[in-house]
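Trainee: here's my sequence, what's the structure:
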Amino acid sequence: MMRSKLTILFTYLLVSFSTINAQQEISTSLDAILTKAAKNNFTNKISDEDLNAAKAAYNQTKSVFLPNINVSYSGIATTNPLMAFGSKLNQGILTAADFNPDLLNDPDNTTNFATKFEIEQPIFNMDGFHMRKAARSKMNAVELQSLRTKDYMALEVTKAYMQLQLAYKAVEVLETAKAAALANKKIADNNFKQGYVQKADVLLVDIHVTEVENQLQNAKSNIKNASDYVHHLIGETSEGILKPSDILNAELDLNLYNATFSNERSDIIAMEESSNAYNHMYKASKMGYVPRLNAFGSYEMYDKDIFQVNSGGYLVGAQLSWNVFEGYKRVGETQKTKAEFNKASINYDAYKSKSELEFNKAKRQLKDAENTLHLTNSAVEQANEALRIRTNRFEQGLEKSSDLLNSETQYLQKQLAYLQTVFNYNFTKAYVEFLTK
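Mentor: Next comes the predicted model:
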């Protein structure tokens, strides 16, 4: 019974493992990934909705120019002397008998149904005009920031794709290292049988093989992790493992060293637009002291019966209003908006300064990455040559196992370091390009 359960468990694990390893590899290019991310990336979609909200807020400010129109229908029943008399007067049914003092003081139940059309038309509202300009500047800032967000996500997608390239390349290197380690293990076993090496040397080789196999397994897991992250960035489920069709190579671009910082970057202009928005809000606060001019009108229809019209009349007019003093509320609001505008201006200058600093730093990092690229490439060649010499001597029984293993480990480390350096250079180059957009 126990053996049967173990057999079922082993079969289940074997099938699960086979299913995982049988996941389909999907070859894809960086351009294809960037295209999908531009359409489906969650962050990009959120930035689009932020822009839609900013556009809606700007559309709300059309109320500065457009009229406000209301329609209402109401019905009452009253014995209130004033309301009863007024209702009959509005309905146009007042007669001489209604002036009887007894009826005036104690009227019968009176019903009144009214249909009312109202319109308010702004004519001159200076604070509203500046609030509209503030909303427009904010909308422009959000739009520019949305563009910058999409540029950043394109950079993040590029980085994730490069990490996927790096993961696949690391697996290739480790598989080659594993093959070499197994070959050396075979040599060590033969030398042990012939009495050239001791058992401890064979065990050291076995340990090295195990370490390489463990690194290889981790590298394969990194492929799946990197693939899942790319899937996330392009808004897709993790069905199948992505495999880069582009080869991981160092793509030198010397022209980037001559690139200069520009204030025309979308995020910097967005900061400027944001500062302009605070400036208009400050002006709108000051314009609150200026009188407002609005026109208004209404047309009303009345009847004692529901859904009937017996008489009606209109009312038109204009109002000039001036809020002379509102405690200290308006003064405090003006001071607050002025402080916010000053803060926004300082933030804009600080952001420009920090952006230029970051740009210059990134260019230096690019040059450092290029130098490191050349050095690590030379180190790989030297380590490879050292390993070749020690392998030949080991095959002849003239080299210790520990020295050979050190050379194998060093060569593997130099290869992986070189791949990391290639990744660092390519990403730094992409980052500098991002800072120049």
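Trainee: and the helices in the stretch 151-300 of the chain?
Mentor: Secondary structure of the stretch 151-300 of the chain by DSSP state H, counting those that start in this stretch: the helices cover 199-233, 266-286.
Trainee: what pLDDT does the model give A97?
Mentor: On pLDDT, A97 comes in at 88.
Trainee: would you tell me which one of the helices of the stretch 151-300 of the chain is buried the most?
Mentor: helix 266-286 (a mean of 21; mean count of other C-beta atoms under 10 Å). Any C-beta I mention is one placed from the backbone N, CA and C, and that applies to glycine too.
Trainee: contacting residues around F85?
Mentor: 94, 98, 104, 107 (C-beta atoms under 8 Å, 6 or more residues apart in numbering).
Trainee: which strand or helix spans the last one?
Mentor: Taking DSSP states H and E as the criterion, P107 maps to no regular element, lying outside all helices and strands.
Trainee: ok, now the third one?
Mentor: Secondary-structure assignment from DSSP H and E places L104 in helix 101-105.
Trainee: point out where the stretch 301-437 of the chain drops to low pLDDT.
Mentor: 327 (pLDDT under 70).
Trainee: try 90
Mentor: Applying pLDDT under 90 to the stretch 301-437 of the chain picks out residues 305, 307-312, 321-332, 387, 390-409, 437.
Trainee: could you flag which of the contacts of F85 are buried?
Mentor: P107 (16 or more other C-beta atoms under 10 Å).
Trainee: so for the contacts of F85, which is the shakiest by pLDDT?
Mentor: Within those, lowest confidence goes to D98 (85).
Trainee: against N80, how distant is that residue?
Mentor: 15 Å (C-beta to C-beta, to the nearest Å).
Trainee: L89 now?
Mentor: Applying C-beta to C-beta to L89 and N80 gives a distance of 14 Å.
Trainee: equivalent analysis for V205, please.
Mentor: With C-beta to C-beta as the criterion, V205 and N80 are 108 Å apart.
Trainee: next one: S401
Mentor: 112 Å.
Trainee: quick one: which of these two has more around it?
Mentor: Higher neighbour count among S401 and N80: S401, with 23 against 12, using other C-beta atoms under 10 Å.
Trainee: for the more buried one, which non-adjacent residue is closest in space?
Mentor: D201 (3.6 Å; C-beta to C-beta, 6 or more residues apart in numbering).
Trainee: kindly report the same for K220.
Mentor: Here the residue nearest K220, using C-beta to C-beta, 6+ apart, is V171, at 5.9 Å.
Trainee: residues contacting the one you found?
Mentor: 216, 219-220, 223.
Trainee: dump those residues into CSV; add pLDDT and distance to I247 as well.
Mentor: What follows is the contacts of V171, written out as CSV (pLDDT from 0 to 100; distance: C-beta to C-beta, whole Å):
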residue, pLDDT, distance to I247
L216, 94, 20
A219, 94, 17
K220, 95, 19
I223, 95, 16
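Trainee: any idea how far L419 is from N190?
Mentor: For L419, the distance to N190 - C-beta to C-beta - is 33 Å.
Trainee: higher neighbour count, those two?
Mentor: L419 (20 against 13).
Trainee: ok, that one touching Y168?
Mentor: No: the pair L419 and Y168 does not pass the contact test of C-beta atoms under 8 Å, sitting 10.0 Å apart.
Trainee: between the two, which contacts overlap?
Mentor: Common neighbours of L419 and Y168 (C-beta under 8 Å, 6+ apart) are L248.
Trainee: ok, and the closest non-adjacent residue to W322?
Mentor: P291 is the one closest to W322 (C-beta to C-beta, 6+ apart), at 4.1 Å.
Trainee: quick one: contacts for that neighbour?
Mentor: 124, 320-322.
Trainee: rerun at 7 Å
Mentor: 320-322 (C-beta atoms under 7 Å, 6 or more residues apart in numbering).
Trainee: now it, what are its backbone angles?
Mentor: The phi and psi torsions at P291 (degrees, to the nearest 10) take the values phi -60, psi 150.
Trainee: pLDDT (mean, whole number) over the longest strand that the chain contains?
Mentor: Secondary structure of the chain read by DSSP state E shows that its longest strand is strand 110-124. For strand 110-124, the mean pLDDT works out to 94.
Trainee: that older thread, any of the contacts of P291 buried? List them.
Mentor: Among the contacts of P291, none counts as buried (16+ other C-beta under 10 Å).
Trainee: looking at the residues you listed, which are in helices?
Mentor: Nothing among the contacts of P291 maps onto helices, per DSSP state H.
Trainee: just the ones in strands from the residues you listed, please.
Mentor: Among the contacts of P291, the members falling in strands (DSSP E) are 320-321.
Trainee: just the contacts of P291 now: which is nearest T337?
Mentor: For the contacts of P291, the residue nearest T337 by C-beta to C-beta is W322; the value is 20.1 Å.
Trainee: now that closest one: how far from A284?
Mentor: Taking C-beta to C-beta, one finds W322 at 16 Å from A284.
Trainee: quick one on the thing from earlier: for the helix holding L104, name the packing helices and strands.
Mentor: With contacts taken as 3 or more C-beta pairs under 7 Å, 6 or more residues apart in numbering; DSSP states H and E, helix 101-105 sits against helix 81-91.
Trainee: now the angle from the helix it packs on to strand 110-124?
Mentor: Taking axes from the mean of the first three to the mean of the last three C-alpha atoms, to 10 degrees, one finds helix 81-91 and strand 110-124 inclined to each other by 70 degrees.
Trainee: state the mean pLDDT of helix 81-91.
Mentor: 92.
Trainee: using PDB, write out every CA atom in that helix.
Mentor: This file holds the C-alpha atoms of helix 81-91, laid out as PDB (Å, rounded to 0.1, in the frame of the first residue of the first chain):
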ATOM      1  CA  PRO A  81     -53.700  83.600   3.200                       C
ATOM      2  CA  LEU A  82     -50.700  85.100   1.400                       C
ATOM      3  CA  MET A  83     -49.900  81.900  -0.500                       C
ATOM      4  CA  ALA A  84     -53.500  81.300  -1.600                       C
ATOM      5  CA  PHE A  85     -53.900  84.900  -2.800                       C
ATOM      6  CA  GLY A  86     -50.600  84.900  -4.600                       C
ATOM      7  CA  SER A  87     -51.400  81.500  -6.300                       C
ATOM      8  CA  LYS A  88     -54.700  82.800  -7.700                       C
ATOM      9  CA  LEU A  89     -52.900  85.900  -8.800                       C
ATOM     10  CA  ASN A  90     -50.300  83.900 -10.700                       C
ATOM     11  CA  GLN A  91     -52.900  81.700 -12.200                       C
END
